[in-house]
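Enquirer: Quick one, structure for this:
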Amino acid sequence: MAKTPSLKRFAGLFNLLFFHDNGEYSYFKTLLEETFKSVSYEDLNSCNLINKDIHLVLVCGDNQNFPLENMMEKLTQYKYLSSAFISNKYISLEACQFANKIKASVTLPVPKDEKSFKKLISSILPELRKKYSEDILNQRNAKLANAKQHLHVLYNQTQATYMSEQLKSFLGLEDLEAYKAHEYNRMVLSKIESLQSDTNEVLTFSDGSSCFVTYSKLLSNDKLVSFIPLLTSLTSTDDKILNRISFIEVLKDLSLKEEFQKNDTPLVVLSIQNSENILQTHSETFYNELVLKQVKMMSNLCDGVRKMAQWHKNILIIQPNTNDMNMIAQQVEKINEQSQVEGEISGVSLLVSTFVVNIKALELNKIIIMIDHLANHNLDRKDLHGIEYIEVSVSDEENTQTDKTFYYFEKAMLEKAEIKLCNFYKGLNISSFAQIIKMDKEKIYVIKDKMQGYAMKAEGSVLIQSPLFPMDIIAKVKLVDISKKIAILSDFQTLNSSANNRQYIRVQSDYRMHISISAKAQSFSATVLDIYIKAMACSLSNVKNTPEVGNIMKLQFQLPSKRFDEGMAQLNIEGVVTHLVKRKDEVKLVFDLRLEEPYESYLLEYIYERQQVLIQEVKQIAQRLSQA
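Expert: Below is the predicted model:
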């Protein structure tokens, strides 16, 4: 059998799930196994969920009575990057509808020889490689975005290259050099040197303090280390609160007992969703007092509790005495409702999502991963496959996103609390405080600053924030009356992270800035949308062979500069494509810029000058509005 080395070079990175209808595909299967990293097989009669990461699902159906709906039901159990559909009746209406449902990137007949097999795989690979690159970047960005809320350090190989301001303040250090000589750096170096995949551990330092440390691999040789201090303030309760590592030891001992394999073993997982908001607007002592009240209420759960643990700063774990899952869930719901009522009276309450999970006969590692995923609402179907669990909500009346949003709006209006409105005007952050004066089933009416009204009208949307809200909310601007300082907002959507959390200042040019993008035989002419210290967003006409995410491109453009007699600085630099969005008539590209001197100085000078112009422009608009 002749091999396909060129295909193997690329397809050899991916795990394939071959989903078939029990037809005879032995020749085809042999080629797949020679080409892909791994191949798993699934049909309508098998029921075992394949636990490994799946990159590509290849659905192959060629029976006369093609059971598409049954296949669709099986496919929903998997999480994958891309799919393809092959069938000798692939042009039938039923087959086309099925291919559309599974969002197949390719629909072709079953290959009968090596030539048609190469055609099939070659047509699948571009989309798969693109989604694979996007998935890696999304994971990296998610790790970085999450780390921004914590104490973290970036390493290149074994050298610390960046330390967050939060960690600098926490350790009382002046700069990165001081960190390199610190105990924190010395204790994580051994793990960093041998790091092959994401992992975590608890470290105890010479002063007796402990941190939960997460090690994450990013791109190339970059690694991210995050520190979460383990709180000890809760240990003053009558029932000792264990930390994460101590509770893992409890779980380890529990898993070795014979009854663990036979009897139900429920755990209660409490995730405090608004912990960061409370810590920002109040003290850590105040937050710990709220958590302590919750702990005391939970200690009366059913017949009492065996163990309690603080898994993370905002996560509590309880092992009840009883094994009755339904009874536990009912008691938890009552406790959550009681806590909510007390919070409404005092003005501040913990917003708690609670899960009752049966960990009977589960492996220790799976329990740890499952608790983390439950706590972060990051569940995959494979996490819950075969596991019994109950999610307990605070109130059935607030079970939709819209209901929850309007619940917080009503609370802010009744308490006459200020909300914060945020917009971006040509890259500048414009924000002001406002009040909700009226609301109905679909809209809210707010009084706002005139300048904010101008920015809202220009952007068409606005970001809403408040210490009362556990999340940021984005809204469409239905109407703005600048003279009366009133705006009507509708179509609300909640965000998992802050929408105005930008790492760098962005500016937009006051003229149409052209840029030449090239690599090898490719060459494009584009327009710069906005530019910032480390990256640039561009727009180009929708062409066939656009760059892919991960491509390194040469970028040539001009920036206004007072250094040169002609008033322009020529920049010839490299950029890596980090984001790509294709629309009907346009392709948007975002580049990470590889800057060296003197180009970095040219760019910094331009951003500073442009920012000053925009600030002056905003002041002039504000002055005109104040006189109106």
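Enquirer: just so I have it, where are all the strands in the stretch 101-250 of the chain?
Expert: 106-108, 151-156, 159-163, 199-204, 210-217, 222-229, 241-243 (DSSP state E, counting those that start in this stretch).
Enquirer: out of these, which comes closest to Met413?
Expert: The closest of the strands of the stretch 101-250 of the chain to Met413 is strand 222-229. By C-beta to C-beta, the value is 35.8 Å. C-beta here means a position set from N, CA and C on the backbone, and glycine is covered the same way.
Enquirer: Residues contacting the closest one, please?
Expert: The set of residues external to strand 222-229 that reach it, using C-beta atoms under 8 Å, 6 or more residues apart in numbering, is 143-144, 146-147, 150-156, 167, 170, 184, 188, 192, 195, 209-218, 312-313.
Enquirer: Could you export the strands of the stretch 101-250 of the chain as TSV, including mean pLDDT, distance to Gly550 and mean neighbour count?
Expert: Listed next are the strands of the stretch 101-250 of the chain as TSV, based on pLDDT from 0 to 100; distance: least, C-beta to C-beta, whole Å; neighbours: other C-beta atoms under 10 Å:
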stretch	mean pLDDT	distance to Gly550	mean neighbour count
strand 106-108	78	21	19
strand 151-156	86	19	20
strand 159-163	89	21	16
strand 199-204	77	26	14
strand 210-217	81	16	19
strand 222-229	83	15	20
strand 241-243	79	40	20
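Enquirer: Format those as TSV; extra columns: distance to Ile488.
Expert: Output for the strands of the stretch 101-250 of the chain, formatted as TSV (distance: least, C-beta to C-beta, whole Å):
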stretch	distance to Ile488
strand 106-108	46
strand 151-156	41
strand 159-163	43
strand 199-204	47
strand 210-217	43
strand 222-229	42
strand 241-243	48
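Enquirer: Quick one, which of those strands gets closest to Arg306.
Expert: Using C-beta to C-beta, the strands of the stretch 101-250 of the chain put strand 241-243 closest to Arg306, at 11.0 Å.
Enquirer: who does that closest one pair up with?
Expert: strand 305-312 (parallel) (DSSP bridges).
Enquirer: so how far is the strand it pairs with from its chain's centroid?
Expert: With C-alpha atoms, centre = their mean, to the nearest Å as the basis, strand 305-312 stands 27 Å off its chain's centre.
Enquirer: between the next helix-or-strand element following it and strand 305-312, what angle do the directions make?
Expert: Going down the chain from strand 305-312, the next helix or strand is strand 315-320, by DSSP states H and E. Using axes from the mean of the first three to the mean of the last three C-alpha atoms, to 10 degrees, the inter-axis angle of strand 315-320 relative to strand 305-312 is 170 degrees.
Enquirer: quick one: strands adjacent to the helix or strand hosting Val577?
Expert: Per DSSP H and E: Val577 is located in strand 568-582. In the sheet, strand 568-582 lines up against strand 552-560 (antiparallel), strand 586-594 (antiparallel) (DSSP bridges).
Enquirer: Centre of the chain to the first one, how far?
Expert: Here the centre of mass of C-alpha atoms in strand 552-560, compared against the chain's by C-alpha atoms, centre = their mean, lies 31 Å away.
Enquirer: Could the C-alpha coordinates of that strand be exported in PDB?
Expert: Taking Å, rounded to 0.1, in the frame of the first residue of the first chain, the C-alpha atoms of strand 552-560 are listed here in PDB:
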ATOM      1  CA  ILE A 552       3.700  35.700   9.100                       C
ATOM      2  CA  MET A 553       3.300  38.600   6.700                       C
ATOM      3  CA  LYS A 554       5.400  41.600   5.700                       C
ATOM      4  CA  LEU A 555       3.600  44.900   6.400                       C
ATOM      5  CA  GLN A 556       4.500  48.200   4.700                       C
ATOM      6  CA  PHE A 557       2.800  51.400   5.500                       C
ATOM      7  CA  GLN A 558       3.400  55.100   6.400                       C
ATOM      8  CA  LEU A 559       2.700  57.000   9.700                       C
ATOM      9  CA  PRO A 560       2.700  60.800  10.100                       C
END
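Enquirer: So for stretch 261-279, first residue to last residue, what's the gap.
Expert: The first residue of stretch 261-279 is 41 Å away from its last residue (C-alpha to C-alpha, to the nearest Å).
Enquirer: and that stretch, how far out from the chain's middle?
Expert: Distance of stretch 261-279 from its chain centroid, counting by C-alpha atoms, centre = their mean, is 20 Å.
Enquirer: tell me the mean pLDDT over that stretch?
Expert: The average pLDDT within stretch 261-279 is 81.
Enquirer: ok, which stretches of the stretch 101-250 of the chain are helices?
Expert: Along the stretch 101-250 of the chain, counting by DSSP state H, counting those that start in this stretch, helices occupy 114-147, 165-171, 176-180, 183-193, 244-255.
Enquirer: State the three-state secondary structure for the most far-flung residue of the chain relative to its centre.
Expert: The outermost residue of the chain relative to its centre, with distances by C-alpha atoms, centre = their mean, is Asp565 at 46.9 Å. Secondary structure, DSSP: H, G, I helix; E, B strand; the rest coil: Asp565 is coil.
Enquirer: From Leu428, how far out is it?
Expert: The gap separating Asp565 from Leu428 is 30 Å, by C-beta to C-beta, to the nearest Å.
Enquirer: How about Cys422?
Expert: 11 Å.
Enquirer: again with Glu193
Expert: As judged by C-beta to C-beta, Glu193 and Leu428 stand 44 Å apart.
Enquirer: One more: Ala475?
Expert: Distance of Ala475 to Leu428, computed by C-beta to C-beta: 20 Å.
Enquirer: more crowded one of the two?
Expert: More crowded of Ala475 and Leu428, by other C-beta atoms under 10 Å: Ala475, with 22 against 18.
Enquirer: burial count for the residue nearest to that one when sequence neighbours are not counted?
Expert: In this structure, Ala475 finds its nearest non-sequential neighbour in Leu489, 4.1 Å apart by C-beta to C-beta, 6 or more residues apart in numbering. For Leu489, the count of nearby residues is 28 (other C-beta under 10 Å).
Enquirer: Then Ser197?
Expert: 7.
Enquirer: Just to check, it is in contact with Lys191?
Expert: No - counting by C-beta atoms under 8 Å, Ser197 sits too far from Lys191 to count as a contact (11.7 Å).
Enquirer: ok, the closest residue to Ala84 other than its chain neighbours to Ile335 distance?
Expert: Closest residue to Ala84 apart from its sequence neighbours, by C-beta to C-beta, 6+ apart: Val106 at 4.3 Å. The gap separating Val106 from Ile335 is 52 Å, by C-beta to C-beta.
Enquirer: just Asp481 next, same as before
Expert: From Asp481 to Ile335 the distance is 46 Å (C-beta to C-beta).
Enquirer: These two: which is more packed in?
Expert: Neighbour count, other C-beta under 10 Å: between Asp481 and Ile335, Ile335 has more, with 20 against 11.
Enquirer: quick one: contacts for the more buried one?
Expert: With contact taken as C-beta under 8 Å, 6+ apart, Ile335 is in contact with 297-298, 300-301.
Enquirer: can you redo these as JSON lines with distance to Gln97, neighbour count and secondary structure?
Expert: As requested, the contacts of Ile335 are exported to JSON lines (distance: C-beta to C-beta, whole Å; neighbours: other C-beta atoms under 10 Å; DSSP: H, G, I helix; E, B strand; the rest coil):
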{"residue": "Met297", "distance to Gln97": "52", "neighbour count": "16", "secondary structure": "helix"}
{"residue": "Met298", "distance to Gln97": "50", "neighbour count": "23", "secondary structure": "helix"}
{"residue": "Asn300", "distance to Gln97": "55", "neighbour count": "11", "secondary structure": "coil"}
{"residue": "Leu301", "distance to Gln97": "50", "neighbour count": "20", "secondary structure": "coil"}
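Enquirer: ok, of those, which one's closest to Ala11?
Expert: Using C-beta to C-beta, Met298 is the member of the contacts of Ile335 that lies nearest Ala11, at 51.2 Å.
Enquirer: Skip the chain neighbours and tell me the closest residue to that closest one.
Expert: Setting aside the residues directly before and after it, Met298 is nearest to Ile318 in space (C-beta to C-beta, 6+ apart), at 5.6 Å.
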